[in-house]
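Here is my input, please return the structure:
(chains A and B)
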There are 2 protein chains.
Amino acid sequence: MSDLPKSVYLNEEGPREGFQIEAAVIPTARKIELVDHLARTGLKHIQVASFVNPKAVPGMADADDVVKGFQPVPGVDFTALWLNQRGFERALTHRDRLSINGSLNLYASNAFLKRNQNRVADQQRAAQHELIAMYQAAGVKVYRGFITAAFGCNFEGDIPVERVVRLVGDLLEIAAGHGETIDHMGLGDTMAWATPERIKRVVGAIREAHPDLDLLLHLHDTRGLGIANAYAGLEMGVRMFDTAVAGLGGCPFAGHGGAAGNVCTEDLVFMCEEMGIETGVDLDALIDCALLAEEIVGHPLPGAVMRGGGLKRFRVAS
Amino acid sequence: MSDLPKSVYLNEEGPREGFQIEAAVIPTARKIELVDHLARTGLKHIQVASFVNPKAVPGMADADDVVKGFQPVPGVDFTALWLNQRGFERALTHRDRLSINGSLNLYASNAFLKRNQNRVADQQRAAQHELIAMYQAAGVKVYRGFITAAFGCNFEGDIPVERVVRLVGDLLEIAAGHGETIDHMGLGDTMAWATPERIKRVVGAIREAHPDLDLLLHLHDTRGLGIANAYAGLEMGVRMFDTAVAGLGGCPFAGHGGAAGNVCTEDLVFMCEEMGIETGVDLDALIDCALLAEEIVGHPLPGAVMRGGGLKRFRVAS
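Predicted structure coming up:
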């Protein structure tokens, strides 16, 4: 009936995306505690911090200490985010503990690009060439491409599907021009415009143009469709997702203007496992992490399965 | 690509399912206020109260006053729930204000039937014959069949698809034996066991056996899959849903053990409208109702679009 994948790759972004927006200061030790717990759930990819200007993002001022503090686990990739050369250089100092891979990024919305980066499209393309040069100089592989605002934009409205397809092709070409091969292409529903049908249209169109390219969905849950959009992606064979434990990263109940975080890791794990799609993750251990995350931030987080629980205990009992 | 319906029928259950579980007493006037606002959103079916034993459900002790108090709106069906003859008789006293229609109900889980009604399957079937007699004596049409725990059960585990198909046939037969025709068949994910793939399997199997039967999904969001399950239903052509404004009826943040309410009305309206499926509902007016509901209960409710907002304003601006 559908093209569901056999297994999924989950990129846990909770510790990075979650803690940076919290109003209260989260003690470094507690951030490390969450990372250490996540690393024992079966998750294989955990983004632990972002190396950004501490004046702009005070919640990430302790990024170096978080990275120095967690307990490495064999088989688990710990990653970090950076937005410029300075951040990249900070990340490089942790090469012994972090998986350092390069990411390229184009915007499907010029209005948002202007607003967010103060650049026009050609400048953003030029910046990608410079990024590759920076990565190559450091001996770092380019692994991910990413299209921001691929499904719609608060400042530009609906985004034509063909534009996204063209940008994906552009990014592959830019990488290829430098001898780099992009491993997977992320599609960001940055401002939560996607619906399941739009996911199918965009993914379908990219698939047609680039049948062998692995796609990743980065879905925000601001309008409650995150998990339905993830399902539509699964139906199209998408097997890579950015997720956040407990739905960390957004807080609909704390006055952040309604912007919500990434699709909730344990809700997606629950859905996948119940549909026979392997995640490699122990749901109960992950639910414990979600409850820990909630305790750490000190307010309710949007995850559902962390409250409702999985079904295993009922199957054993019945 | 899929069999999406052109329009959907939404049965708003928020005022009934929502207020009855609240710990605090909700003033009658505020319940009426919410019903009156909902009736002006374009919703066509609103369940306003349940006629149940006030000792068992204190929050519904004022059901008669709620029914007497709302402002009727032409074209809008106001309905109520009852669980026995006494409740039905109370509802009948409001025939001038309520749409009174009969509903039949079998359980896909014998363990849950025993626990909930203290009956075995044959007793529940016998009770349906008595119900029909009661409805016919009052000149009330049987319009809905309903299968409880159609997707799984905390006390019995997974429910075989064939059993649900058989129960649907049984219920149609029971009704037909009395000259009644069931208008639509509800499938209750009473304990939130459904996944999108299971929805497709169960709906598909019933479709095969009864191609002309309209199906309705009653989905709880306890494990975060409510909206994804609704989407799977839409893909299968299902066009009737029980919903609750703001996700009223469950309160993941107030210690109700994680049980969540029906799928959130405005989140479903948002998804449908964005995918070109008509709901007849004004999303902004419905969001106002969701915010009103939250103010009335005095704690956060789980709806997302009520916080994130719709997309219309961005399309106008861009």
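
what's the helix or strand for A:Glu266?
Taking DSSP states H and E as the definition, A:Glu266 sits inside helix A:265-274.

How about the secondary structure of A:Thr243?
Three-state assignment for A:Thr243 (DSSP: H, G, I helix; E, B strand; the rest coil): strand.

list the contacts for it?
A:Leu10, A:Asn11, A:Glu12, A:Glu13, A:Gly14, A:Asn262, A:Val263, A:Cys264, A:Thr265, A:Leu268 (CB atoms under 8 Å, 6 or more residues apart in numbering or on different chains). From N, CA and C alone the C-beta is placed, and that goes for glycine too.

ok, now A:Val35?
Listed by CB under 8 Å, 6+ apart, the contact set of A:Val35 reads A:Pro15, A:Ile46, A:Val48, A:Val66, A:Phe70, A:Phe78.

can you list the contacts of A:Thr243 in CSV and add neighbour count, pLDDT and distance to A:Asn229?
CSV is the format used below for the contacts of A:Thr243 (neighbours: other CB atoms under 10 Å in any protein chain shown; pLDDT from 0 to 100; distance: CB to CB, whole Å):
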residue, neighbour count, pLDDT, distance to A:Asn229
A:Leu10, 25, 98, 15
A:Asn11, 23, 97, 16
A:Glu12, 32, 98, 18
A:Glu13, 25, 95, 16
A:Gly14, 29, 94, 18
A:Asn262, 28, 90, 11
A:Val263, 29, 95, 8
A:Cys264, 31, 96, 12
A:Thr265, 33, 98, 15
A:Leu268, 29, 98, 11
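
tell me the two of these that are most distant?
Spatial extent of the contacts of A:Thr243 (CB to CB) is set by the pair A:Asn11 and A:Cys264 at 13.6 Å.

center of chain A - which residue?
The centroid of chain A falls nearest to A:Asp242 when counting by CA atoms, centre = their mean (3.2 Å).

which sections of the stretch 1-150 of chain A are below the confidence cut-off?
A:1-2 (pLDDT under 70).

ranges for the strands of it?
Counting by DSSP state E, counting those that start in this stretch, the stretch 1-150 of chain A has these strands, from start to end: A:9-12, A:45-51, A:77-82, A:102-107, A:142-148.

who wins for proximity to B:Arg198 among the ones you listed?
Nearest to B:Arg198, of all these, is strand A:9-12, at 21.6 Å by CB to CB.

what's the helix or strand that the closest one is followed by packed up against?
Note on strand A:9-12: by DSSP H and E, the next helix or strand toward the C-terminus is helix A:19. Using 3 or more CB pairs under 8 Å, 6 or more residues apart in numbering or on different chains; DSSP states H and E as the contact criterion, no helix or strand is in contact with helix A:19.

residues making contact with helix A:19?
Residues from elsewhere that reach helix A:19 (CB under 8 Å, 6+ apart): A:Ile26, A:Lys31, A:Gly59, A:Met60, A:Leu248, A:Val297.

Burial check on the first one, number of neighbours?
For A:Ile26, the number of neighbouring residues by other CB atoms under 10 Å in any protein chain shown comes to 19.

show me what contacts it?
So A:Ile26 contacts A:Phe19, A:Gly59, A:Ile296, A:Val297 (CB under 8 Å, 6+ apart).

Closest one of those residues to A:Arg198?
Nearest to A:Arg198 among those: A:Phe19, at 30.3 Å, using CB to CB.

Quick check: chain neighbours aside, which residue is closest to A:Gln20?
A:Gly59 (4.5 Å; CB to CB, 6 or more residues apart in numbering or on different chains).

one step back: pipe the contacts of A:Thr243 into CSV and attach distance to chain B per row.
Formatted as CSV, the contacts of A:Thr243 follow (distance: CB to the nearest CB, whole Å):
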residue, distance to chain B
A:Leu10, 15
A:Asn11, 19
A:Glu12, 17
A:Glu13, 18
A:Gly14, 15
A:Asn262, 13
A:Val263, 9
A:Cys264, 6
A:Thr265, 11
A:Leu268, 9
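
I'd like those residues as CSV, with distance to B:Asn84 appended.
Shown next, in CSV, are the contacts of A:Thr243 (distance: CB to CB, whole Å):
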residue, distance to B:Asn84
A:Leu10, 48
A:Asn11, 53
A:Glu12, 50
A:Glu13, 51
A:Gly14, 48
A:Asn262, 47
A:Val263, 43
A:Cys264, 40
A:Thr265, 44
A:Leu268, 42
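
ok, so of those, who is nearest A:Gln123?
Nearest to A:Gln123, judged by CB to CB, of those is A:Glu13 at 26.7 Å.

Please tell me I have it right and that closest one contacts A:Asp242.
Yes - between A:Glu13 and A:Asp242 there is a contact at 5.3 Å, judged by CB atoms under 8 Å.

Between the two, which contacts overlap?
The contact sets of A:Glu13 and A:Asp242 overlap at A:Asn262 (CB under 8 Å, 6+ apart).

sorry, back to before: what separates the residue nearest to A:Gln20 from chain B, distance-wise?
22 Å (CB to the nearest CB, to the nearest Å).

Now for that residue: which residues touch it?
A:Phe19, A:Gln20, A:Ile21, A:Glu22, A:Val25, A:Ile26.

again, only this time at 10 Å
Counting by CB atoms under 10 Å, 6 or more residues apart in numbering or on different chains, A:Gly59 makes contact with A:18-26, A:31, A:49-50, A:52.

So which of these is the closest to chain B?
Chain B has its nearest neighbour among those in A:Ile21, at 14.9 Å by CB to the nearest CB.

Let me see the backbone angles for the closest one.
Dihedral pair for A:Ile21: phi -100, psi 0, per degrees, to the nearest 10.

Counting neighbours, what do you get for it?
17.

I figured it was touching A:Val57, is that so?
Yes - at 8.7 Å, A:Ile21 counts as touching A:Val57 under the criterion of CB atoms under 10 Å.

thought A:Glu12 was touching A:Val263?
No - if you go by CB under 10 Å, A:Glu12 and A:Val263 don't touch, sitting 11.4 Å apart.

Need the overlap of contacts for the two.
By CB under 10 Å, 6+ apart, A:Glu12 and A:Val263 have these common neighbours: A:Phe241, A:Asp242, A:Thr243, A:Ala244.

can I get those in JSON lines with pLDDT?
Below are the shared contacts of A:Glu12 and A:Val263 laid out as JSON lines (pLDDT from 0 to 100):
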{"residue": "A:Phe241", "pLDDT": "98"}
{"residue": "A:Asp242", "pLDDT": "97"}
{"residue": "A:Thr243", "pLDDT": "97"}
{"residue": "A:Ala244", "pLDDT": "96"}
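
what sits against the closest residue to A:Thr190 other than its chain neighbours?
Computed as CB to CB, 6+ apart, the closest residue to A:Thr190 that is not its neighbour in sequence is A:Ala149, at 4.7 Å. Neighbouring residues of A:Ala149 by CB under 10 Å, 6+ apart: A:106-113, A:116, A:155-156, A:159, A:164, A:187-191, A:193.

Kindly write the PyMOL command that selects the buried subset of those residues.
Restricted to buried positions by 16 or more other CB atoms under 10 Å in any protein chain shown, the PyMOL selection for those reads:
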select buried, chain A and resi 106+107+108+109+110+112+113+155+156+159+164+187+188+189+190+191+193
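
Filter the contacts of A:Ala149 down to the ones in helices?
Counting by DSSP state H, the part of the contacts of A:Ala149 found in helices is A:Asn110, A:Ala111, A:Phe112, A:Leu113, A:Asn116, A:Val164.

Count residues in the vicinity of the nearest residue to A:Glu197 once chain neighbours are set aside, would you?
Nearest residue to A:Glu197 in three dimensions, chain neighbours excluded: B:Met275, at 4.5 Å (CB to CB, 6+ apart). Neighbourhood size, B:Met275 [other CB under 10 Å]: 15.

ok, now which ones touch B:Met275?
So B:Met275 contacts A:Thr195, A:Pro196, A:Glu197, A:Arg198, B:Ser2, B:Leu4, B:Tyr231, B:Leu234 (CB under 10 Å, 6+ apart).

Drop anything exposed from those.
With neighbours counted by 16+ other CB under 10 Å, those contain buried members at A:Thr195, A:Pro196, A:Glu197, A:Arg198, B:Ser2, B:Leu4, B:Tyr231, B:Leu234.
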